[in-house]
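# What follows is a protein structure lacking sequence information:
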């Protein structure tokens, strides 16, 4: 009987403590309701999973605040369990979201929910093609979410670089060159999931960056402008072999400047000329479409986003006392031209285009041409981008030159890739160049490498 009284006594104590805890929680809720009048502002306990959607990783903190101590960093695509969601909406990095208490493995803490996705299909990996320096040689490589992966080249190659990266389905294709050390010593090639394929050698030397396309049957097309002894020509390789010249123009002139395959349609971009004028033009499966501009114009790239056709190009405006022509870069959206704002420098170079919703983003750089030592040189080269034609300078402070060479986007961010140099200002002097990328034109992140040429999201 004595033991029973002890048991009943313990149970009574437990019930009493539980009642106190419940009462305290009710008091907290009552106070919160009195303060806000809104039950939705109370912390919500949940039990589901989400995925980290931040290529730089997501910081885990001790408290639901930027002032909370950092516990860890969850990598991109980490699967986390949601324990609690704070009701307050906050804005960080121009993204709105809640603070969420999460757990993954043995790590538990608070993260900003703006960088979490419920659907793993919303997550994109970032692939960048470029080069790095290894024992004094420039070596081709690519980066996946910032991790550098070398590409195989011949042992006797003096130099190599990866210039273009795309996906066809789940297969990765990269275009580049190897050889050197001089311009006429390079051999174009492509890598299919890391395996290199060389193309038929050419008698000239590569003048511009390579284009890369793959059709629905897996045929691989490389193309570029090639300089010969007395002329320039546009060359296309199909599965490593040079194909016939297009019937609507001679590639060994300045008429053709770009090639792409989109939805199995074959596109060329360039110039069509008559006795009085020259106009930016693109050809789709051999049919031409001229594009309007105030003066002599040319087209050098084409893309499709949401069934709309975007053509990159430029047109001349005037020239200065040194005989250097000024020109304006532009793009045509379904034939309607938008000029890219030009700053005080004599030339801008647009290097790529991407679209998020109704906004059109272009990558590039502006510079000033000057005559020095009987030659024409780029000076004051500054990375930039354009949003719907409006110019934004992203040149890093304290550096001599910078270039935004490519652009891509997912559903939320646009990423610019390129390089900068803190020592040398001339475009042709590459010693000290540092590969990097910019997120939404703001945060710059360095890559372990030399140059970054191209980016795609997968």
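Ah, there it is. What you see is a predicted model; the values in this text were computed from it and never measured.

# ranges for the strands of the stretch 151-300 of the chain?
Secondary structure of the stretch 151-300 of the chain (DSSP state E, counting those that start in this stretch): strands at 159-168, 171-179, 186-192, 195-198, 205-206, 211-214, 220-227, 232-238, 241-242, 256-262, 265-273, 278-284, 287-290, 297-305.

# okay, now residue 104: neighbour count?
18 (other C-beta atoms under 10 Å). The way it works is simple: take the backbone N, C-alpha and C, and place the C-beta from them, glycine included.

# Please verify my assumption that residue 69 contacts residue 61.
Yes: using C-beta atoms under 8 Å, residue 69 is in contact with residue 61, at 6.4 Å.

# quick one: which of the two has more around it?
residue 61 (18 against 9).

# How about residues contacting stretch 302-312?
258, 260, 262-263, 267, 269, 280, 282, 291, 299-301, 329-335, 350, 352-355, 360, 362 (C-beta atoms under 8 Å, 6 or more residues apart in numbering).

# Determine how far the helix or strand where residue 309 lies lies from the middle of the whole chain.
Using DSSP states H and E, residue 309 sits in strand 308-319. In terms of C-alpha atoms, centre = their mean, to the nearest Å, the centre of strand 308-319 is found 22 Å from the chain centre.

# list the buried ones in the helix or strand just after it?
Using DSSP H and E, the helix or strand that directly follows strand 308-319 along the chain is strand 325-333. Across strand 325-333, burial judged by 16 or more other C-beta atoms under 10 Å covers 327-332.

# With stretch 438-457 instead?
438-441, 444, 447, 449-457.

# go on, stretch 115-128?
Buried residues in stretch 115-128 (16+ other C-beta under 10 Å): 115-117, 123-124, 126-128.

# Looking at the residues you listed, spot the one nearest residue 57.
Nearest to residue 57 among these is residue 115, at 9.2 Å by C-beta to C-beta.

# So what's the residue count around the residue lying closest to residue 52 once chain neighbours are set aside?
Of all residues not flanking residue 52 in the chain, residue 78 sits nearest, at 4.3 Å (C-beta to C-beta, 6 or more residues apart in numbering). Counted with other C-beta under 10 Å, the neighbours of residue 78 add up to 21.

# which ones are touching residue 78?
51-52, 58, 104.

# Next, format the residues you listed as a markdown table and append secondary structure and distance to residue 161.
As requested, the contacts of residue 78 are exported to a markdown table (DSSP: H, G, I helix; E, B strand; the rest coil; distance: C-beta to C-beta, whole Å):
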| residue | secondary structure | distance to residue 161 |
| --- | --- | --- |
| 51 | strand | 34 |
| 52 | strand | 32 |
| 58 | strand | 32 |
| 104 | strand | 38 |
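
# Quick one: end-to-end length of stretch 317-336, please.
19 Å (C-alpha to C-alpha, to the nearest Å).

# I should have written stretch 292-306 there, sorry.
So stretch 292-306: terminal residues 23 Å apart, C-alpha to C-alpha.

# Please point out which parts of it sit buried.
Quick answer for stretch 292-306 (16+ other C-beta under 10 Å): 293, 296-303.

# Now the two most distant members of the residues you listed.
296 and 303 (23.3 Å).

# By pLDDT, give me the weakest of the buried residues of stretch 292-306.
Across the buried residues of stretch 292-306, the smallest pLDDT goes to residue 296, namely 89.

# so it makes contact with residue 318?
No: judged on C-beta under 8 Å, residue 296 makes no contact with residue 318 at a distance of 11.7 Å.

# beta partners for residue 256?
residue 270 (DSSP bridges).

# That one and residue 270 touch, don't they?
Yes: Residue 256 lies in contact with residue 270 (C-beta under 8 Å); the separation is 4.2 Å.

# So which residues of this structure form helices?
2-36 (DSSP state H).

# where does it have low pLDDT?
Applying pLDDT under 70 to the chain flags residues 1-47, 181-184, 203-208, 228-232, 244-254, 275, 319-325, 344-347, 369-379, 424-430.

# The same query, at a cut-off of 50, please.
Scanning the chain for pLDDT under 50 picks out the ranges 1-40, 42, 247-254.

# returning to that earlier point: out of the buried residues of stretch 438-457, which comes closest to residue 169?
The nearest one, if we look at these relative to residue 169 and count by C-beta to C-beta, is residue 456, at 13.0 Å.

# gap between that closest one and residue 382?
Here residue 456 is placed at a distance of 25 Å from residue 382 (C-beta to C-beta, to the nearest Å).

# Include distance to residue 368 when you put the strands of the stretch 151-300 of the chain into a markdown table, please.
Supplementary listing: the strands of the stretch 151-300 of the chain in a markdown table, determined by distance: least, C-beta to C-beta, whole Å:
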| stretch | distance to residue 368 |
| --- | --- |
| strand 159-168 | 25 |
| strand 171-179 | 29 |
| strand 186-192 | 29 |
| strand 195-198 | 38 |
| strand 205-206 | 26 |
| strand 211-214 | 28 |
| strand 220-227 | 24 |
| strand 232-238 | 25 |
| strand 241-242 | 38 |
| strand 256-262 | 23 |
| strand 265-273 | 25 |
| strand 278-284 | 25 |
| strand 287-290 | 31 |
| strand 297-305 | 21 |
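
# closest one to residue 94 among the ones you listed?
Nearest of these (C-beta to C-beta): strand 297-305, 22.4 Å.

# returning to what we had before: between the strands of the stretch 151-300 of the chain, which one is nearest to residue 88?
strand 297-305 (36.0 Å).

# what angle separates that closest one from strand 325-333?
Using axes from the mean of the first three to the mean of the last three C-alpha atoms, to 10 degrees, the inter-axis angle of strand 297-305 relative to strand 325-333 is 30 degrees.

# So what pairs up with residue 70 in the strands?
Bridge pairing for residue 70 - DSSP bridges - gives residue 61.

# That one against residue 63, yeah?
No: here residue 70 does not reach residue 63: they are 10.7 Å apart, not a contact under C-beta under 8 Å.
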